[in-house]
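# Quick check, what structure comes out for this input:
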Amino acid sequence: MSMQYQMPSLIGATTTTAPNAFMDRFDAARAAGAIIVYEFKNIKPKQQLKEIIRVLRPENKTFLKFPYKFKYNIKDRCVICGTHKVWDAGDNLRPPLPLHKVRKGYPMRGTYCDKHSAMHRQYEMLEQQILAEEHGLSFSAYVPKASSLNPVNLVTGPMTTLKERDIVSLAGVGWTIKPPIGNENKEQELFRLIIESNTLNERVKTLLSEGAKVEPQVTVEATPEVE
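Residues are numbered from 1 along each chain as shown. Predicted coordinates:
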């Protein structure tokens with residue numbers, strides 16, 4: 001049985017065909033379609049930032065060529081092309097709430113589709129690259145990768161070392177973790193005591209958040225007998 005692909009439903013769309021090859025690059029980037037990497041026209045990063053922000057601006061309604069309100073400011077609709085999209089909570093490509101000026105402004109009721117969510121991720125990476133270059137730092141773009149489904153890759157063997165945040169996290173749920181016995185100097189002993197203190201504090205916070213209460217202890221003083 002062959003499955004026929006259907007284009008996503010669009011609000012106000014006059015055709016269900018994909019954008020043609022002769023469409024302007026700006027209109028093609030804003031049109032609905034498959035995920036693509038946006039190719040910049042400018043070379044300088046700051047000019048590229050202005051260019052992609054212009055692409056990611058929500059679509060406006062127009063009256064006599066004057067823009068007013070927003071065309072696709074509807075829940076579960078892409079604010080740029082109007083594609084219907086419901087994101088899963090655990091999807092690593094799920095975009096943030098769109099702002100009406102992309103970088104700033106009030107949040108929209110809609111969202112981004114798969115295509116424009118990828119472009120928004122590209123915009124975020126470009127913004128971080130510019131910020132890193134201004135402060136003289138190196139920047140490596142984050143590339144999301146699908147987790148391997150091979151169970152062999154999930155076997156890591158027994159753990160022999162723990163980081164401080166791992167110890168604190170385990171202690172918060174009730175685990176008691178002690179370091180191996182051995183000769184230690186003053187610095188090592190101080191480090192161990194600091195970790196133990198942090199784990200005890202984390203466990204106390206967990207118990208208090210779960211509703212545990214400490215009843216005040218009443219001390220009864222013995223009264224001297226009068227003969």
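# which residues touch residue 72?
11, 58, 59, 78, 79, 80, 81, 82, 110 (C-beta atoms under 8 Å, 6 or more residues apart in numbering). Heads up, the C-betas are built off the backbone N, CA and C, glycines and all.
# same thing but at 10 Å, please
Taking C-beta atoms under 10 Å, 6 or more residues apart in numbering, we find residue 72 in contact with 10-12, 58-61, 78-83, 98, 108-111.
# Counting neighbours, which of those end up buried?
Buried residues within those, defined by neighbour count using 16 or more other C-beta atoms under 10 Å: 10, 58-59, 78-83, 98, 108, 110-111.
# In CSV: those residues, plus secondary structure.
Formatted as CSV, those follow (DSSP: H, G, I helix; E, B strand; the rest coil):
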residue, secondary structure
10, coil
58, coil
59, coil
78, strand
79, coil
80, coil
81, coil
82, coil
83, coil
98, coil
108, coil
110, coil
111, strand
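# How is this protein divided into domains?
Segmentation of the chain into domains, based on automatic domain parsing, reads 25-134, 157-209.
# helices or strands up against the helix or strand of the chain with the lowest mean pLDDT?
Using mean pLDDT, DSSP states H and E, helix 164-172 stands out as the lowest-scoring helix or strand of the chain, at a mean of 74. Of the remaining helices and strands, those touching helix 164-172 by 3 or more C-beta pairs under 10 Å, 6 or more residues apart in numbering; DSSP states H and E are helix 186-209.
# Residue 34 reaches residue 83, doesn't it?
No. Using C-beta atoms under 10 Å as the test, residue 34 is too far from residue 83 to be in contact (11.1 Å).
# Overlap of the contact sets of the two?
The contact sets of residue 34 and residue 83 overlap at 114, 115 (C-beta under 10 Å, 6+ apart).
# where are the low-confidence patches of the chain?
Applying pLDDT under 70 to the chain flags residues 1-22, 140-160, 179-183, 214, 216-227.
# try 50
Within the chain, the segments meeting pLDDT under 50 span 1-7, 12-17, 146-155.
# Mind listing what's buried along the helix or strand harbouring residue 121?
Assigned by DSSP states H and E, residue 121 belongs to helix 114-134. Neighbour counts over helix 114-134 (16+ other C-beta under 10 Å) mark 114, 115, 116, 117, 118, 119, 120, 121, 122, 123, 126, 129 as buried.
# So for the fourth one, what's the nearest residue that isn't a sequence neighbour?
By the measure of C-beta to C-beta, 6 or more residues apart in numbering, the closest residue to residue 117 outside its immediate chain neighbours is residue 95, 4.2 Å from it.
# Confirm that neighbour sits in a strand?
No. Applying three-state DSSP, one finds residue 95 to be coil, outside a strand.
# If anything else comes up later, I'll come back, but that's it for now.
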